[in-house]
Each structure stands twice: as structure tokens, then as C-alpha cells.
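Colleague: my questions concern the predicted model and sequence given below.
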Amino acid sequence: MKTPKNLPIGIEHFEEMRREDFYYVDKTGMIKELLEDKAKVNLFTRPRRFGKSLNMNMLQYFFE
């Protein structure tokens, strides 16, 4: 039987989540939308604790 993955409670760094094999909802499709939209400014409005910092960190990790 496979060991269940841990929940990433309090982790805001995409690289750490991937390296340590935590559960993660893949939001990389958002990158395609951002590149196709070509807006000067993008506003990410989400309630508290809904992954804004993690999304920004994922984008940073992707573009570096």
C-alpha cells in the first residue's frame, strides 16, 4: 500500500512542495493563460489562505 502524501500546511514555496512530494493542485495551466492574455497588469484576487503566495512562487520558479 502506498504511503499517503502529506498536506502542505504552511508551505508557500513551490519548489519545496515538489521536492518533498506534498499534495499539490496543479495550477500551471494559469501560466499559459497569462502568456496568451498579454495584459500589462494582472490582479490575483483570492480570499486569505487560497494560495496567492504559492501561485506567485510557482510563476517565479517557472520563469527562472
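Modeller: Yep, that arrived.

Colleague: which residue lies nearest the spatial centre of this protein?
Modeller: For the chain, residue 55 is the residue whose C-alpha lies nearest the centre (CA atoms, centre = their mean; 3.6 Å).

Colleague: host element of that one?
Modeller: helix 52-63 (DSSP states H and E).

Colleague: can you give me the buried ones in that helix?
Modeller: 54, 55, 57, 58, 59 (16 or more other CB atoms under 10 Å). C-beta coordinates here come from the backbone N, C-alpha and C atoms, glycine included.

Colleague: show me the contacts for the second one.
Modeller: Spelled out, it's residue 55. Contacts for residue 55 (CB atoms under 8 Å, 6 or more residues apart in numbering) come out as 27, 30, 44.

Colleague: CA atoms only for stretch 30-50, dumped as PDB, please.
Modeller: The C-alpha coordinates for stretch 30-50 follow below in PDB (Å, rounded to 0.1, in the frame of the first residue of the first chain):
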ATOM      1  CA  MET A  30      -2.500  29.500 -15.400                       C
ATOM      2  CA  ILE A  31       0.900  30.200 -16.900                       C
ATOM      3  CA  LYS A  32      -0.500  29.500 -20.400                       C
ATOM      4  CA  GLU A  33      -3.400  31.900 -19.800                       C
ATOM      5  CA  LEU A  34      -1.000  34.700 -18.600                       C
ATOM      6  CA  LEU A  35       1.200  34.300 -21.600                       C
ATOM      7  CA  GLU A  36      -1.700  34.300 -24.100                       C
ATOM      8  CA  ASP A  37      -3.500  37.300 -22.400                       C
ATOM      9  CA  LYS A  38      -0.500  39.700 -22.700                       C
ATOM     10  CA  ALA A  39      -2.000  42.100 -20.200                       C
ATOM     11  CA  LYS A  40       0.100  44.900 -18.800                       C
ATOM     12  CA  VAL A  41      -1.100  44.100 -15.300                       C
ATOM     13  CA  ASN A  42      -2.600  41.000 -13.700                       C
ATOM     14  CA  LEU A  43      -4.600  41.100 -10.500                       C
ATOM     15  CA  PHE A  44      -4.900  37.900  -8.500                       C
ATOM     16  CA  THR A  45      -7.800  38.400  -6.100                       C
ATOM     17  CA  ARG A  46      -8.500  35.400  -3.800                       C
ATOM     18  CA  PRO A  47      -9.600  35.100  -0.200                       C
ATOM     19  CA  ARG A  48      -7.000  34.600   2.600                       C
ATOM     20  CA  ARG A  49      -5.200  31.200   2.500                       C
ATOM     21  CA  PHE A  50      -6.200  30.400  -1.100                       C
END
